[in-house]
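# After the sequence you'll find the predicted model.
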Amino acid sequence: MQLTRSFFARDTLFVARELIGKRLVKIDAQGRIAGIIVETEAYRGEDDLGCHARAGLTNRTKVMYSLAGYSYIYFTYGKHWLFNIVTESIGYPAAVLIRGLLITEGGQIVAERRNYLPQDHWTDGPAKICQALDLSGIHNGYDLCKNGAVIFVEHFEQSPVKLLGVTTSPRIGLNSVPEPWKSMPWRFVAQI
DNA sequence: GCGACGATGGGCT
DNA sequence: GCCCATCGTCGCA
């Protein structure tokens, strides 16, 4: 069942934690690709110096100020796209970065897009997920909660993977971000 | 206008 | 483990 806007319109830390074990789905011309979310990070507010919204409302960050359940997809390091889902209420900039996925459907398509690397390396990083699901800037600001969405998150009746729990750690890659933001335990990882 | 640098990944040692 | 490509965004002049 497709997650509704009320799921995303909550505290970003809750959403980031509860997205672990949910299923992310993308439907496109090449087929349906799905995977279980196993790693996320929370970014919330202009005060959070690890969050892009520290710069305030700009052309890049404006989608983070919009409706929960929209995608926030941005380009970095001159080559990579990263996929986030907007959270909280309109006007409060926050999002959850999807960092890790276990592919459960569409493996054939993903294998091709990931250059036939070993399956462990298909979607074990945020930019790899965008390669695998073919997500880029054209999908920025997409409503994952609308009827007929081709990108959405759903919960299982019966999960194919047994999750033992969720661990936390500091967010990855915030090397020059000041404390306390650098060390906030806002990364969530599934224990399989 | 312009320079610094990044929520990374792939290739090489 | 280390290096660095590659370019949009932001901050500052």
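Structure received.

# quick one: what helix or strand has whichever residue of chain A sits closest to DNA strand C in it?
Using CB to the nearest atom of the strand, the closest approach of chain A to DNA strand C is made by A:G78 at 2.3 Å. Yep, even glycine has a C-beta here, placed from its N, CA and C like the rest. For A:G78, there is no helix or strand it lies in under DSSP states H and E.

# how close does it get to A:A127?
A:G78 sits 12 Å away from A:A127 when distances are taken as CB to CB, to the nearest Å.

# interface residues of chain A facing DNA strand C?
Chain A has residues A:52, A:54-56, A:58-61, A:74-75, A:77-79 near DNA strand C, with proximity defined as CB under 7 Å from any atom of the strand.

# Of A:G78 and A:A127, give the one with the bigger neighbour count.
Between A:G78 and A:A127, counted using other CB atoms under 10 Å, A:A127 has the larger neighbour count: 18 against 5.

# Checking my notes, that one in a helix, right?
Yes: counting by DSSP: H, G, I helix; E, B strand; the rest coil, A:A127 falls inside a helix.

# Unless I'm misreading it, it sits right up against A:W81, doesn't it?
Yes: A:A127 is within contact range of A:W81, at 6.3 Å (criterion: CB atoms under 8 Å).

# per-residue confidence for A:W186?
Listed pLDDT for A:W186 reads 98.
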